[in-house]
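Chemist: Sharing a model prediction with you, sequence too.
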Amino acid sequence: MSDFWNGRVWTPNVLIDSSGLPNSIHFPLTAISNHNGEISNEVRLIYVVQQSTGLPIYFRYCPGNVIDVTTLIRCLAELKEQGINTKFAILDAGYYTDDNINELFAHNVSFITRMKENLRLYKDLVADHLKTLDSRENLVEYNGRYVYLKCIPCQLSGYNAYAYVGLDIERKSSEARNTFQRAKNKKMDAGLVHDAIQTQGIFVLVSSCRLAPADVLPLYYTRQQIEQVFDIVKNYADMLPLRVQTEETFRGHLLVTFIVTIVIKKLQNALKNTTMTPLSLFLNLRNQKCKVYKDKVITQEAFKKAKDCYDLFCIKCPVSIPRI
């Protein structure tokens, strides 16, 4: 644990996730995808984000019918060849398979991931520890919410690991209310309602490392950073809709949007403690005028909002710029 943890400051870790790019382009990458029950024609885009900065550092793509679990091993291999630190990976539940777990352990990549409810180990852990979960010593606070979380040593594909069985109190209450409403509408038997609410709000995280319960959720939920990156990619970097006809053009489009996403994310980080957004920043700077002469461009005086933007990035607006 000491090799990636130092006084509540995590050394560079990576977040790995994928997203579908819907399209009807006739090239080999377009394929029918069934992702979480949603059927579409798409290309699968995989991003790797550095946890400490929230910046995307790598991307790759594959046909839309390639499922997430099969992409992790090659992602790690390519990251290694690029010299990117993969000492610790934070993964979505879609990447959990025995083969991937074996690969992570074999390459000494520590990890934390969520376990799907249909797995035997998940069911056994919940059955064995549900009754003792809501005890005083298991209660932790995260982001204003309270969760019971219990650390349990376990075996993952023959390797020593740790499971963190959790009970989200607020989520359990919300799910129970929904169940009660359905029970009322469908006139469900009280016994069925009792059975339904027993495991509501339950989740299981597994990690190759033993972590303090109070640190598990802050670490795992840094995954939200990669969801924010995909939001930038699709809604601000103009990745969608895809308007390309060849794979070569598609690659160029992905590269341009990757660069734009990094720029927007860095701007968001810089503007975090201000009232500005990247959009309002450029709208303010758009009103900075200049006069064009034969040999030079002379800038006009910066008004207050433009000056605030310059000051934030330690930029000095020049009086004139030579024309080339």
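Modeler: Yep, that arrived. Numbers count the residues shown, from 1 in each chain.
Chemist: the helices in the stretch 1-150 of the chain, which residues?
Modeler: Ranges of helices in the stretch 1-150 of the chain, per DSSP state H, counting those that start in this stretch, are 72-81, 98-106, 120-129.
Chemist: any chance of the ones you listed in a markdown table, plus mean neighbour count?
Modeler: (Glycine included, C-beta is placed from N, CA and C.) Shown next, in a markdown table, are the helices of the stretch 1-150 of the chain (neighbours: other Cβ atoms under 10 Å):
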| stretch | mean neighbour count |
| --- | --- |
| helix 72-81 | 17 |
| helix 98-106 | 17 |
| helix 120-129 | 15 |
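Chemist: Looking at the ones you listed, which is nearest to residue 237?
Modeler: When the helices of the stretch 1-150 of the chain are compared by Cβ to Cβ, helix 72-81 sits nearest residue 237, at 21.1 Å.
Chemist: for the closest one, packing partners?
Modeler: strand 14-22, strand 38-50, strand 56-63, helix 98-106 (3 or more Cβ pairs under 8 Å, 6 or more residues apart in numbering; DSSP states H and E).
Chemist: And for it, what's in contact with it?
Modeler: For helix 72-81, contacts defined as Cβ atoms under 8 Å, 6 or more residues apart in numbering pick out 14, 16, 46, 48, 58, 60, 86, 89, 91, 95, 99-100, 103-104, 107, 109.
Chemist: how about 7 Å then?
Modeler: By Cβ atoms under 7 Å, 6 or more residues apart in numbering, the list of residues contacting helix 72-81 from outside reads 16, 46, 48, 58, 60, 86, 95, 100, 103, 107, 109.
Chemist: And these, which of them are buried?
Modeler: 16, 46, 48, 58, 60, 86, 95, 100, 103, 109 (16 or more other Cβ atoms under 10 Å).
Chemist: can you tell me which residues contact the fifth one?
Modeler: So the one you mean is residue 60. Here residue 60 is in contact with 46, 75, 78 (Cβ under 7 Å, 6+ apart).
Chemist: who's in contact with the first one?
Modeler: Under the criterion of Cβ under 7 Å, 6+ apart, the neighbours of residue 46 are 18, 59-61, 71, 75.
Chemist: hmm, back to that, which among the helices of the stretch 1-150 of the chain is found nearest to residue 188?
Modeler: helix 120-129 (22.2 Å).
Chemist: Mind giving me the packing neighbours of that closest one?
Modeler: strand 145-156, strand 159-168, strand 202-207 (3 or more Cβ pairs under 7 Å, 6 or more residues apart in numbering; DSSP states H and E).
Chemist: what's the angle from the shortest one to strand 145-156?
Modeler: Interaxial angle of strand 202-207 relative to strand 145-156 (axes from the mean of the first three to the mean of the last three Cα atoms, to 10 degrees): 50 degrees.
Chemist: Off-centre distance for strand 202-207?
Modeler: Relative to its parent chain, strand 202-207 has a centroid offset of 17 Å by Cα atoms, centre = their mean, to the nearest Å.
Chemist: what does it rub up against?
Modeler: 111-115, 122, 125-126, 156, 161-168, 216, 220.
Chemist: Provide the angle between the direction of that strand and the direction of strand 159-168.
Modeler: Going by the same axes, to 10 degrees, strand 202-207 makes 150 degrees with strand 159-168.
Chemist: and the angle for strand 202-207 with helix 120-129?
Modeler: Orientation of strand 202-207 against helix 120-129 (the same axes, to 10 degrees) gives an angle of 120 degrees.
Chemist: going forward can the numbers begin at 9, since that is how I track them
Modeler: With the count now opening at 9, the last piece we talked about shows up as strand 210-215.
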